[in-house]
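[1] what shape does this take:
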Amino acid sequence: MKKFLVCALLAAVMAAVPAFAKKSYVNGIDPNYPPFAYVDEKTGQPAGFDVDSLNWIAKTMGFEITHKPMAWDGIIPALVAKQIDMVDSGMSITPERAKVVEFSDPYWTVSRVFLVPANSTLTPQDVLTKKVKLGVQRGTSEANAIKQEQQEKGYPFELRFYESAPLAVEDLLNGRIDAALMDELPADDAISKGRPVKKAGTHGEPDKFGVAMRKGDKDLHKLINDGYKKLMADPYWQELQKKYLSK
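    Numbers count the residues shown, from 1 in each chain. Below is the predicted model:
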């Protein structure tokens, strides 16, 4: 009888664990992609529109989330290799990526722009048709698109690749490149921080951002989609936009 009671007690405890234990996920982020994701210089902690969004979703949907900064061009291989569980970090939904990962519903749309020094007279047409040095972050949708476009149309510019948009901005200011192609909000972030740069104009089709997850991870996919639906219906969604995207 005593042995039976002990076994019954253990079974009851084990059955109760799932009811209290929260699932834990790791989100891979680009640490140099403000205002969507970055590492705060003051706190040393991940921050940004996507980071705060996912933190809210995790709290609301009842799971734990950790944000792991990593190199952008290796972030999808890390996801496939199960080193991380998702990428919520301003990732554009593209057909090429969709062959490898599964995306959430889009949660944001952003245009691509050419960024030039504040005193530059370059136009988008100049960038495409003259022998200029054009910087772009490697592994991004805009990098892949402009490289393919150059091959197809024979544009004479010289492409230079960077690990992050801020590094491209630095070389832009140092005169090592003439223009940089990036999403509009990181460009706006550089301008809002007083960098002497300006937007010369837009280029290509706007990007739709989504959360990348492994194919077949249906439970997580539903969890993230449901979480974003709740977030977008909550006043906090507007607060996040005002904090990060309205500068």
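[2] how far off centre is the one helix or strand Glu142 maps to?
    Assigned by DSSP states H and E, Glu142 belongs to helix 141-153. Centroid separation between helix 141-153 and its chain, computed with C-alpha atoms, centre = their mean, to the nearest Å, is 20 Å.
[3] tell me which helix or strand comes right after the helix or strand Thr109 falls within.
    Per DSSP H and E, Thr109 falls inside strand 108-110. Proceeding N to C from strand 108-110, the next assigned helix or strand is strand 112-117, under DSSP H and E.
[4] neighbouring strands for the strand holding Thr109, and are they parallel or not?
    As defined by DSSP bridges, the strand partners of strand 108-110 come to strand 207-209 (antiparallel).
[5] could you list the buried residues of stretch 101-113?
    Val101, Glu102, Phe103, Ser104, Tyr107, Trp108, Val110, Ser111, Arg112, Val113 (16 or more other C-beta atoms under 10 Å). All C-beta atoms are positioned from the backbone trio N, CA, C, and that covers glycine.
[6] kindly apply the preceding question to stretch 126-143 instead.
    For stretch 126-143, by 16+ other C-beta under 10 Å, it's 126-128, 132-143.
[7] return the subset of those lying in strands.
    For those, the ones inside strands are Lys133, Leu134, Gly135, Val136, Gln137, with DSSP state E as the criterion.
[8] sorry, back to before: quick check: the farthest pair among the buried residues of stretch 101-113?
    Maximum pairwise distance in these, criterion C-beta to C-beta, is 28.7 Å, between Glu102 and Val113.
[9] Lys208: which of the buried residues of stretch 101-113 is nearest?
    Taking C-beta to C-beta as the measure, Lys208 lies nearest Trp108 of the buried residues of stretch 101-113, at 7.4 Å.
[10] quick check, pLDDT for that closest one.
    Reported pLDDT at Trp108 in the predicted model: 96.
[11] show me what contacts the closest residue to it other than its chain neighbours?
    Nearest residue to Trp108, sequence neighbours excluded (C-beta to C-beta, 6 or more residues apart in numbering): Phe209, at 4.4 Å. Taking C-beta atoms under 8 Å, 6 or more residues apart in numbering, we find Phe209 in contact with Phe36, Gly90, Met91, Ser92, Ile93, Pro106, Tyr107, Trp108, Thr109, Val110.
[12] okay, Phe63 and Leu223: tell me how far apart.
    7 Å (C-beta to C-beta, to the nearest Å).
[13] pick out whichever of those two has more residues nearby.
    Using other C-beta atoms under 10 Å, the more surrounded residue of Phe63 and Leu223 is Leu223, with 21 against 15.
[14] tell me if that one really is in a helix.
    Yes. Checked against DSSP: H, G, I helix; E, B strand; the rest coil, Leu223 lies within a helix.
[15] tell me how many other residues surround Lys193.
    12.
[16] if I look at it, how far off is Pro186?
    11 Å.
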